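Peer 1: Test case, fold it:
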Amino acid sequence: MASLRIGIVAGEASGDILGASLMRAILTKNPDVQFEGIGGPLMIAEGFNSHFPMDRLSVMGLVEPLKRLPELLRIRRAIKDHFIAKPADLFIGIDSPDFTLNIELALRQAGLLTAHYVSPSVWAWRQGRVKKIAKAVDRMLTLLPFEAEFYHQHNVPVTFVGHPLADQLPLDNTGLAQQQLQARAQLALPENGAIIALLPGSRGGEVKLLAPDFIAAARWCYHQRNDLKFVIPAANDQRRQQLETILAEHGKGLPIKLVDGQSQTAMTAADVVLMASGTTALEAMLLKKPMVVAYRMAGLSYFIISRMVKTRFFSLPNLLAGEQLVPELQQDEVRPEMLGPLLLERLTDHQQRTQLIEKFSDIHQQLKCNASERAAEVLLTMIKTRQSA
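Peer 2: Numbers count the residues shown, from 1 in each chain. Below is the predicted model of the structure:
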């Protein structure tokens, strides 16, 4: 295949991970590809030309983005204008649908080939968005099988590619204990004793809303069992400063270790994980970790979204299983007297842990499909088909 230009916009850390892996897979198949648009540090390390800092797009909720609307609109217009003036062979939006789908729609209407990688939660809420998606993309690439089923039902071209995390993490469970010991050594955590990982999110808004109650839940557990240790991974320097401030106010006297990044290592080191809802819950499932998942938004955003949701569950392990494998708590339920007992139950019920690992392993097998290579093959085939038309 000849030299190619591929535009990509990724809006947050999880998209940066997916984008970097996708770039590597594409370059393996065709080394002569230039990538540009908006990406994070992992994509940039692979040779990506980012026109704007990716973290300017990382805003959560419905109401919160309104505060940054002029800047977001300016960035979006600049990306549209750039690719209309200098058309790429393919434009890919990675997640961040409220930002990227509008770009995809404009570019496809201008004649560009477009794809979207990672389905928005259209199957869960605001299902009418599927009409816009059908107009905006030539193909949807989904990470989860039930998402592809939804698009098939609505006649949107779709390919289920599997999840890259399922490819990266070992399916074999026989080495879990050894992996835990190695992770503890890497983080300088005690080799013996129970450890609970606290992951209140990677965005500032998430940490503000969840971290104080996560730390209060740790204190509740510590009062029941003073042999417990806790670890919190900070997603970046800003989150570390934020967490240090919160710990200074709420975490005095607790054996909590704050580490830089290394969220996967922190979860591997732990016996149980308390986390914000999101992709990290999928990661914890693939690591075969018992967990409690919490979700909290600003009041107005939650008031709006909760009335649109069409699913029984919000955490990915439960959505994939079609049953409640892990506890989910949201809004006012996220308080220490509810979180604490659930954490200790998952720490001490060994039969429950064994059954959970078996179910997590079954889901892991379903998602292990060489996702990045599969996605790269689909996308390059799209380009080849367009060029030969």
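Peer 1: For the residue nearest to residue 368 when sequence neighbours are not counted, which three-state class applies?
Peer 2: Excluding the flanking residues, the one nearest residue 368 by CB to CB, 6 or more residues apart in numbering is residue 166, at 4.3 Å. C-beta: built from backbone N, CA, C; applies to glycine. Applying DSSP: H, G, I helix; E, B strand; the rest coil to residue 166 yields a three-state assignment of helix.
Peer 1: thought residue 166 was touching residue 362?
Peer 2: No: the criterion here is CB atoms under 8 Å, and residue 166 misses it with residue 362 at 11.8 Å.
Peer 1: These two - which one has more neighbours?
Peer 2: Neighbour totals were compared for residue 166 and residue 362, and residue 166 leads with 22 against 11 (other CB atoms under 10 Å).
Peer 1: And that one, how far from residue 379?
Peer 2: 19 Å (CB to CB, to the nearest Å).
Peer 1: Could you do residue 327 as well?
Peer 2: Residue 327 is 38 Å from residue 379, by CB to CB.
Peer 1: of the two, who's got more company?
Peer 2: Looking at residue 327 and residue 379 with other CB under 10 Å, you find the greater number of neighbours at residue 379, namely 26 against 21.
Peer 1: and the more buried one, that's in a helix?
Peer 2: Yes: when classified by three-state DSSP, residue 379 is found to be part of a helix.
Peer 1: pLDDT below threshold where in the stretch 101-250 of the chain?
Peer 2: Scanning the stretch 101-250 of the chain with the threshold set as pLDDT under 70 gives 123-127.
Peer 1: what about the strands in it?
Peer 2: Counting by DSSP state E, counting those that start in this stretch, the stretch 101-250 of the chain has strands at residues 114-117, 139-142, 158-160, 195-199, 229-234.
Peer 1: Can you name the residues in contact with the longest one?
Peer 2: It stands for strand 229-234. Identification of contacts with strand 229-234 by CB atoms under 8 Å, 6 or more residues apart in numbering yields 187, 189-190, 193-200, 218, 222, 240, 243, 247, 254-263, 265-266, 269-270.
Peer 1: which of those are buried?
Peer 2: Among these, those scoring as buried are 187, 189, 194-200, 218, 222, 240, 243, 247, 254-259, 262-263, 265-266, 269-270 (criterion: 16 or more other CB atoms under 10 Å).
Peer 1: Torsion angles phi and psi at the spatially most central residue of the chain?
Peer 2: Nearest to the geometric centre of the chain sits residue 279, at 3.0 Å (CA atoms, centre = their mean). When read as degrees, to the nearest 10, the backbone of residue 279 gives phi -60, psi -30.
Peer 1: Once you drop chain neighbours, what's closest to it?
Peer 2: The nearest residue in space to residue 279 (CB to CB, 6+ apart) is residue 14, at 4.6 Å.
Peer 1: Run through the residues that contact the one you found.
Peer 2: Residue 14 sits next to 95, 278, 279 when contact means CB under 8 Å, 6+ apart.
Peer 1: Now it: which helix or strand?
Peer 2: helix 13-29 (DSSP states H and E).
Peer 1: could you point out which element follows that helix?
Peer 2: Per DSSP H and E, helix 13-29 leads on to strand 33-38 as the next helix or strand towards the C-terminus.
Peer 1: For that following strand, which strands pair with it and how are they oriented?
Peer 2: According to DSSP bridges, strand 33-38 forms sheet pairs with strand 4-10 (parallel), strand 49-50 (parallel).
Peer 1: Report how many residues lie close to residue 73.
Peer 2: For residue 73, the neighbour count with other CB under 10 Å is 12.
Peer 1: Just give the closest residue to residue 186, not the sequence neighbours.
Peer 2: residue 265 (5.7 Å).
Peer 1: Could you do residue 268 as well?
Peer 2: residue 183 is the one closest to residue 268 (CB to CB, 6+ apart), at 3.8 Å.
Peer 1: Residue 182 too?
Peer 2: residue 268 (7.8 Å).
Peer 1: thinking the one you found is in contact with residue 288, fair?
Peer 2: No: if you go by CB under 8 Å, residue 268 and residue 288 don't touch, sitting 9.7 Å apart.
Peer 1: one step back: compile the strands of the stretch 101-250 of the chain into JSON lines and extend it with columns for distance to residue 214.
Peer 2: Output for the strands of the stretch 101-250 of the chain, formatted as JSON lines (distance: least, CB to CB, whole Å):
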{"stretch": "strand 114-117", "distance to residue 214": "31"}
{"stretch": "strand 139-142", "distance to residue 214": "31"}
{"stretch": "strand 158-160", "distance to residue 214": "34"}
{"stretch": "strand 195-199", "distance to residue 214": "5"}
{"stretch": "strand 229-234", "distance to residue 214": "8"}
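Peer 1: Mind checking these for the one nearest to residue 292?
Peer 2: Closest of these to residue 292 is strand 195-199, at 9.6 Å (criterion: CB to CB).
Peer 1: before we move on, back to that, quick one, which of the strands paired with strand 33-38 is nearest to residue 40?
Peer 2: That would be strand 4-10 among those, by CB to CB, at 6.4 Å.
Peer 1: Give the buried residues for the closest one.
Peer 2: By neighbour count on 16+ other CB under 10 Å, the buried set for strand 4-10 is 4, 6, 7, 8, 9, 10.
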